[in-house]
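Chemist: sharing a model that was predicted from the sequence below.
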Amino acid sequence: MKWLAAIISCMLLSAPAFSREITPAERRERAHLLDLKGFSAGLPACAEGAVLHNVASNFANKERQFWNSNAQILAFEQIEEVAWRPAGLDYIPRRYCTGTAVVSDGFRHKVNFSIREDLGFIGIGWSTDSCVDGFDRNYAYAPHCKQAAP
């Protein structure tokens with residue numbers, strides 16, 4: 001009986017894994033209220049002004065609304081791309097970035113953020129998701145904003 005279990009186990013482990021064809025998100029059709037076309041993968045660059053403004057604005061809003069703080073991002077330094085679509089071609093296009101944020105507390109803090117396609121307000125346009133090290137007060141991206149990176 002043990003031999004039979006061993007043979008069956010070996011057969012199952014040696015069988016080819018079930019796989020599927022990867023369809024890039026740009027070629028997939030989506031059921032969306034506004035359009036039926038796929039993603040474009042045309043995301044802005046990490047250091048683009050509109051992206052950095054979005055990150056700074058979201059940071060200031062979160063600090064004011066949830067933490068009763070006046071902290072703001074005053075400037076960004078050394079912004080660079082870390083990864084482009086690290087999860088694969090068949091997922092929502094995302095660009096991951098990192099850099100340094102000069103915050104109104106007088107210190108420089110590491111910032112990790114991602115730019116995501118069609119995840120803006122009601123699914124229109126791109127949006128950002130970010131974490132500034134030292135300001136992750138509810139530990140959503142702990143430790144040290146590592147979970148905001150790919």
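Modeler: That came through fine.
Chemist: which secondary structure state does residue 61 sit in?
Modeler: Counting by DSSP: H, G, I helix; E, B strand; the rest coil, the backbone at residue 61 sits in helix.
Chemist: and it, how many neighbours?
Modeler: Per other CB atoms under 10 Å, the neighbour tally for residue 61 reads 10. Heads up, the C-betas are built off the backbone N, CA and C, glycines and all.
Chemist: likewise for residue 74?
Modeler: By other CB under 10 Å, neighbour count at residue 74 equals 12.
Chemist: quick one: contacts for it?
Modeler: Applying CB atoms under 8 Å, 6 or more residues apart in numbering, we find residue 74 in contact with 102-104.
Chemist: quick one: average pLDDT of the longest strand along the chain?
Modeler: As assigned by DSSP state E, the longest strand anywhere in the chain is strand 73-84. Strand 73-84 carries an average pLDDT of 96.
Chemist: strands paired with the helix or strand that that strand is followed by, and their directions?
Modeler: Counting by DSSP states H and E, the element after strand 73-84 in chain order, helix or strand, is strand 94-103. Take DSSP bridges as the rule and strand 94-103 pairs in its sheet with strand 73-84 (antiparallel), strand 108-116 (antiparallel).
Chemist: by mean pLDDT, point me to the weakest helix or strand of the protein.
Modeler: The weakest-scoring helix or strand in the chain, judged by mean pLDDT, DSSP states H and E, is helix 2-14 (a mean of 63).
Chemist: now for residue 107, how many residues are close by?
Modeler: By other CB under 10 Å, neighbour count at residue 107 equals 9.
Chemist: doesn't residue 112 make contact with residue 97?
Modeler: Yes. Counting by CB atoms under 8 Å, residue 97 touches residue 112, with 7.4 Å between them.
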